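# Fold the stuff below for me.
(chains A, B, C and D)
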Amino acid sequence: MTKDELKAYIESNFSGKLTALDTGRYDLLFETKKGDLVELARALRDDESLKFDYLCNIGAIDTRERFEIVYSIASTVNLLRLDFKIAFSYDDAEVESVQTVWPAANWYEREIWELYGIDIKNHDDLKRFLLPDDWNQGHPMRKDWDAPDFVRFPEFEV
Amino acid sequence: MSDSSNVIKDIFVGLKELILGMGITGKHLGRHAVTLQYPVEKMEMPERSRGIVVLLSDKETGGLNCTSCMLCMRACPTAAIRIEAPRDENKKRQLKSFVVDNTICCFCGLCEEACNFSAIKMAPKYEFSTWTREELIWDKDKLQEMGRDVDYVDTRKKKPAKAAAAAPKADAKAEPKAEAKVEPKPEPKPEPKVEPKVEDAKPHPGADGDSKENEEK
Amino acid sequence: MTLALMQPVELSPTFLWIQHLIEAIGIGGMWSIVITYAILAVVTFGVLALLALFLVWWERKFAGHIQQRFGPMMTGWHGWYQTIMDAVKLLQKEDILVVTRDRMVFFWAPIIAFVAAFAAYIVIPFGNGIIVADLNIGILYIIAITTFTIISLLMAGWGSNNKYALLGGMRSAAQVVSYEVPMVASILTVVLFAGSLSMVDIVDSQSGWFYNWNIFRLPFGPIAFITYIIAATAEANRTPFDIPEAEQELVAGFNIEYSGMQFAMFFLAEFVNMFTVSAIATTLFLGGWTGVLLPSWMWFLGKTFAVVALLMLFRWTFPRLRVDQLMEFSWKYLVPITFANLILAGWMKYAGWYW
Amino acid sequence: MTEVGLRTEEFQVNMGPHHPSTHGVCRLLLTMDGEKVVKVEPYIGYLHRSIEKICENRTYHQCIPILDPFEYVTALSCNYVFALSAERLAQIEVPERAEFLRVIMLELNRIASHLIFFGTTAMDIGALTPFLYGLREREMIMDLFEMTCGQRLTYNYIRIGGVSKDILPAFVPKCRETINIIKDKVDEYEALLNGNPIWKARTIGIGPLSGEKAIAFGASGPILRASGVKYDLRRDDPYSIYDRFEFDIPTRQNGDVFDRYVLRLEEIRQSIRIIGQALDGIPEGDFKAKVSLKFKPPAGEAYTRIENSRGEMGVYLISDGTEKPVRVKTRGGSYNHLQLIPEIATDCLIADLVAIFASFDIIMPEVDR
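Numbering: from 1, shown residues only, chains lettered A, B, ... in the order given. I've put the predicted structure just below:
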């Protein structure tokens, strides 16, 4: 099933939830609302002709005006690849955990919670694991993050 | 216990495999060892191997090839190179200090690729460990001295029009195989110092290893 | 104290002249015995310490050349005094003592290991007559003494108050006990034919041409030899049975909290144990010091080093067994085989079919 | 297991962060009942250098050497995955010769990584000699790398649009000779260990992993294929010129330590086949496309993933037209594999836990990033 067949199939079956984005340079990129994240994920995984059973990567992005989380999924059965994105503003930074759909998401969401400060609802053990235990200088991966001993890379005028 | 017939067979197959394993390791007893005894025998470094960053000097005039265009400073991913070259009276940049901080340098070779005046190179030398971090922050003279005996392919378009130098030389093709002398303290060849002795650039203020503020513009 | 000395062990003739010499000087009965014992102890300790140092060096060179590298080279020709340097280094290293250790147990563990390792050498015949005291219960004495090492490993495991050491200690106790049984059974098949426990008689029973060594008494000789070697590697805590100090699992097992001189004692005791085990193997199965042309002690050392080389080859070829597999192997495989072998040997001796 | 009335209690042991068999710095808090491991809790973060934050204020060319230590055992695939994603963003056409050189170097790097796996797994299960044999072969490969790009571990050989330096004329014959030596050395390794009854007793049936669980937990690479799932990114999500070479993808069925070990040795043979075919077909031509030093890809985002020796290595790259990437989300295979350890290694002996941990070939820079 080639990329545009997949795009057509998604547009026909998931038209309400997934809207295509054109910034994806290689694989198909869609956007969805934060609300229906978990049912969409479950639908994508259990759909007969899609079978997205493999979660490649969950990445959070701080685009200076809002948060975004990208879910990259693949299907080992039909050899398909797909990314979908959810976007939300800084102040309502909490998202449902997709751990029930793909157990692999456990540590990825834990990392997002620790480095970005996005709260993950009903995740089984949200504990700090990348940063030192006594870390109290906020969430380092945010663009606006600064800390006393953070050595910035020197800017060279061209 | 599975029935007795294949237990006996298991034992003998097992013993055969054990003896075969011992045979293989025993075979290695006769073979010559592949390791080098480091301080006595040294590994002959291939010509492209990226060791320490050195500044290359012109073969004839002995002066630095560097025209302080600061391309290497921009290319360095870890900001290990710091150049100060204020413009003198006729708008030409005079190289005041060229510092490479070997504690941060990740030996990636990007500076060598960015420089098109063949002034900087990763020499195949690796023996420069010191007792303190400060000694690893090398200034211009140390870099030039380490780079004296390093051969390089001179890719500069126009040769430096030195008053002393006559016609641009044609035989700049260095012989390909770099014979890298690797004794710890390479003494520099007696070079006639052409340009005036540049006052010793003190290491960057507050340079005490990794937590320094390198916010200079 | 006096009971022990009432019937002093009569030394073998080669060393009896020391006692006579001391009595000639005029020192009293009891004291002359004590002094001769002291002299013999020092002599055996000296010989064995040298042997142990040589074994450590040889194992490192052997392992090196098996792994296609040189092993110690820097200290002297092919690094011959490397082990002496290591010993000196360990001697001058500081003994880091864990505060929460069990003081007496922690202190005495290496000493018992050391003493147990050297005490076995009273009855081991290095050559024709070169034996400290030819006890008539020779091999039985050795088996009793070598079980001391279990106590020292347990004490080290418990004394250092460290979870890994405790695990190591427990494992070593389970392992050495469960491999004692097949070892004794395979020794019994030999004693059956020698008709006496004394080591010198066992060697005499194998005198003559090499074909009447115990190893060639078909069909039970080779089986007894193989099971003995397997049980002996377990006894000496060497791969594939070195689970008490399995570096990858228990970091260093029982000797994790020991450093400096105490660690040197454990280390030396391990190598002396390896030599004891191979010395017993040569005495029982390979005809001790019997051999043509060369002097007797050279034959003994040659055969023992052959067995040591075999043990070293084991160590650098085989992976390690798991604890339960090790126990299962001993109880389900070795014990039945050795006992069947013992019965077969007994029946053949009774029926007279042996040469 | 505990008799009635005999009160025993579980005790906690810290395996790591400084422990011989945790490759790199990882701490496993084991709750143990005697020898049996009741619960495993991995604690990571000891090697967290926040590569992603560093990459966010470096130019694209500077990101490549920064990503080298992201996974230092196969450093070349880290360069490659970033360069590939930058090329996909900017639609750069990589010349033929560069593609061939890249494939040869990537497969050499995979062999080097599998040789380290073979050495460390054998050492963790007790056999000390195979470690030296594995490294002896790896030295030959590292000499090949040093001859071409100058470094033995963090190569920094791949650039956006091609490779940094062309191979020397002496490279091809030396490479051919190296892979022939390694081919019959792998047979010798298998003769040494595969039949050994102790090795089989320690590895067969230990830590089985079913196909569905592997997929659910995002396992990838040799661990996925050892559990019977035939999924290899070089064939199923093709990139570069892998479709021109014909090599098969070994899979095993019951996903225990022995299968994962044998599968990786089989993969070395497949990589040797690929390198053999690639060495025959190296075309002439330049080795790098024209990419300016101030490389500014057009705005866009892409997730690129390649088949690394430890599974799927991916980079989610977002650029907004400036010369610095907005976001570089790196994904390593060991991250998911470490999540699997608590699932598989409960109720096994500590010796099995060490064997399972070694067979997963987990190294910590990929987990902590």
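# got the end-to-end distance for stretch C:212-220?
Start to finish, the residues bounding stretch C:212-220 are 13 Å apart (C-alpha to C-alpha, to the nearest Å).
# Can you give me the buried ones in it?
Within stretch C:212-220, the residues that qualify as buried are C:212, C:213, C:214, C:215, C:216, C:217, C:220, counting by 16 or more other C-beta atoms under 10 Å in any protein chain shown. All C-beta atoms are positioned from the backbone trio N, CA, C, and that covers glycine.
# same check, this time on stretch D:168-188
Here stretch D:168-188 shows D:171, D:175, D:178, D:179, D:182, D:185, D:186 as buried, counting by 16+ other C-beta under 10 Å.
# next one: stretch A:33-40
Quick answer for stretch A:33-40 (16+ other C-beta under 10 Å): A:37, A:38, A:40.
# now those residues as TSV including pLDDT, secondary structure and distance to chain C?
As requested, the buried residues of stretch A:33-40 are exported to TSV (pLDDT from 0 to 100; DSSP: H, G, I helix; E, B strand; the rest coil; distance: C-beta to the nearest C-beta, whole Å):
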residue	pLDDT	secondary structure	distance to chain C
A:37	89	helix	43
A:38	90	helix	42
A:40	90	helix	46
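# re the thing from before, list the ones among the buried residues of stretch C:212-220 that fall in helices.
residue C:220 (DSSP state H).
# So among the buried residues of stretch C:212-220, where is pLDDT lowest?
Within these, pLDDT reaches its minimum at residue C:212, with 78.
# do you know how far it is from chain D?
Look at residue C:212 and chain D: by C-beta to the nearest C-beta, to the nearest Å, they are 33 Å apart.
# and that residue, how far is that from chain A?
Remark: distance between residue C:212 and chain A (C-beta to the nearest C-beta) = 69 Å.
# low-scoring stretches of the chain, by residue?
No chain in the question, so chain A it is. Where chain A drops to pLDDT under 70, the residues are A:157-158.
# wait, I meant chain C there
By pLDDT under 70, the weakly predicted segments of chain C are C:1-8, C:354-355.
# give me the residue from it nearest chain D.
Minimum separation of chain C from chain D (C-beta to the nearest C-beta) falls at residue C:320, amounting to 2.8 Å.
# Quick check, that residue in contact with residue D:123.
No: with contact defined as C-beta atoms under 8 Å, residue C:320 and residue D:123 do not form a contacting pair (10.3 Å).
# Can you pick out the residue with more neighbours from those two?
Legend: neighbour count by other C-beta atoms under 10 Å in any protein chain shown for residue C:320 and residue D:123, higher for residue C:320 (26 against 21).
# Work out the gap between stretch A:134-150 and the centre of the chain.
22 Å (C-alpha atoms, centre = their mean, to the nearest Å).
# who's in contact with it?
A:60, A:62, A:64, A:114-117, A:128, A:131, B:211, D:50, D:52-53, D:56 (C-beta atoms under 8 Å, 6 or more residues apart in numbering or on different chains).
# go again using 10 Å as the cut-off
The contact list for stretch A:134-150, computed with C-beta atoms under 10 Å, 6 or more residues apart in numbering or on different chains, reads A:60-65, A:67, A:90, A:93, A:111-118, A:128, A:130-131, A:152, B:211, B:213, D:45, D:48, D:50, D:52-53, D:56, D:326-327, D:329.
# Show me the residues you listed that map onto helices.
When the contacts of stretch A:134-150 are checked against helices (DSSP H), the matches are A:111, A:112, A:113, A:114, A:115, A:116, D:52, D:53, D:56.
# ok, and the most crowded of those?
The most crowded member of the ones in helices among the contacts of stretch A:134-150 is residue A:112, carrying 24 neighbours; neighbours defined as other C-beta under 10 Å.
# residues contacting that residue?
A:58-60, A:67, A:69, A:93, A:95, A:105, A:118-120, A:123, A:139, A:141.
# Can you flag the buried ones in the residues you listed?
The buried subset of the contacts of residue A:112 - by 16+ other C-beta under 10 Å - is A:58-60, A:67, A:69, A:93, A:95, A:105, A:118, A:120, A:123, A:139, A:141.
# Quickly list what's touching both of residue C:320 and residue D:123.
Common neighbours of residue C:320 and residue D:123, counting by C-beta under 10 Å, 6+ apart, are C:247, C:248.
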